[in-house]
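Q: Structure, please.
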Amino acid sequence: MTLSELQAHLKSANKVGVITLSNGVELSVQASEYHYCSPRDNDGPWTSVEVGISHKDFYELKDILSDLDILQKFEMSGVDFWIAGWLPINNVIDITEHSYLTEGQ
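A: Down below sits the predicted model:
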């Protein structure tokens, strides 16, 4: 997934979109005036976004992305969800490329 594809995905998904990786892991990627992103507006283009991931999927990614320090930016939110605010958009692209993105929803 390229930067322009991710920006278009966020705009077409009304600022909230699920990105599904080839292994079934789902990343919830958000960007709007109400999310932890930059700029904090509804128009973009965004340089950082808010990303959420389920507890199960987080540990699935942890094994796949062991060579990247991206997951250290996530914090536990509740009992079964992890969230990263202001995650650089290039980190999202790194995750999708490293985890073999197959489709976007």
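Q: tell me which strands and helices the helix or strand containing residue 27 is in contact with?
A: If you go by DSSP states H and E, residue 27 is part of strand 26-30. Secondary-structure packing of strand 26-30 (3 or more C-beta pairs under 8 Å, 6 or more residues apart in numbering; DSSP states H and E): helix 3-12, strand 16-21, strand 48-54, helix 89-98. C-betas here are computed from N, CA, C, even on glycine.
Q: can I get these in JSON lines with mean pLDDT and mean neighbour count?
A: Listed next are those as JSON lines, based on pLDDT from 0 to 100; neighbours: other C-beta atoms under 10 Å:
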{"stretch": "helix 3-12", "mean pLDDT": "83", "mean neighbour count": "16"}
{"stretch": "strand 16-21", "mean pLDDT": "81", "mean neighbour count": "18"}
{"stretch": "strand 48-54", "mean pLDDT": "95", "mean neighbour count": "22"}
{"stretch": "helix 89-98", "mean pLDDT": "87", "mean neighbour count": "18"}
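Q: Save these as TSV, and put in distance to residue 78 too.
A: Formatted as TSV, the helices and strands packed on strand 26-30 follow (distance: least, C-beta to C-beta, whole Å):
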stretch	distance to residue 78
helix 3-12	24
strand 16-21	18
strand 48-54	10
helix 89-98	21
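Q: which residues sit in contact with residue 28?
A: 16-18, 51-53 (C-beta atoms under 8 Å, 6 or more residues apart in numbering).
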